[in-house]
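>>> With the input below, show me the fold.
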Amino acid sequence: IALDVYAEAGWPKETANLDRAACLAIGPERGWNQHDRAALASAEFETVRLLKGRVMRCETAVTVGLTLLLDRLGVSEYSMS
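From the prediction side, this is the model:
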């Protein structure tokens with residue numbers, strides 16, 4: 001999943017594609033450029049936006065994106081071993 005402030009779709013409601021592993025791509029606050037989007041598409045990333053019409057700082061997008069991703073993966077607790 002690639003977070004993109006200009007993406008059409010919001011965060012995915014389905015977790016069908018997230019049953020094995022997941023990768024969260026977070027780009028610059030200005031958004032991905034066309035070359036970045038082409039590379040993400042060729043790597044089969046799904047681009048999604050977190051908030052419509054709002055730009056988050058990268059640090060905030062990381063926290064929100066990982067929280068949503070862990071929730072969709074069913075991870076209720078994080079522990080460092």
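>>> can you tell me which residues contact A2?
Residues near A2 by Cβ atoms under 8 Å, 6 or more residues apart in numbering: 24-27, 32, 40, 45-48. Glycine gets a C-beta too; all of them are placed from N, C-alpha and C.
>>> who are the neighbours in contact with W11?
48-50, 68.
>>> Now the two most distant members of those residues.
Spanning the widest gap among those are R49 and L68, at 11.8 Å by Cβ to Cβ.
>>> ok, of the contacts of W11, which come out buried?
For the contacts of W11, a burial check counting by 16 or more other Cβ atoms under 10 Å picks out 48-50, 68.
>>> just to revisit the earlier point, just the contacts of A2: which are in helices?
L40 (DSSP state H).
>>> Give the burial count for the closest residue to P28 other than its chain neighbours, as a bare number.
In space, and not counting its chain neighbours, P28 is closest to C58: 7.1 Å by Cβ to Cβ, 6 or more residues apart in numbering. Applying other Cβ atoms under 10 Å, we find 12 residues neighbouring C58.
>>> Test my guess that G10 contacts R54.
No. Using Cβ atoms under 8 Å, G10 is not in contact with R54; the gap is 12.0 Å.
>>> of the two, who's got more company?
Neighbour count, other Cβ under 10 Å: between G10 and R54, G10 has more, with 11 against 8.
>>> Got the confidence number for the more buried one?
The score at G10 is 78. That number is its pLDDT.
>>> Might you report the residue contacts of it?
G10 touches 48-50, 52, counting by Cβ under 8 Å, 6+ apart.
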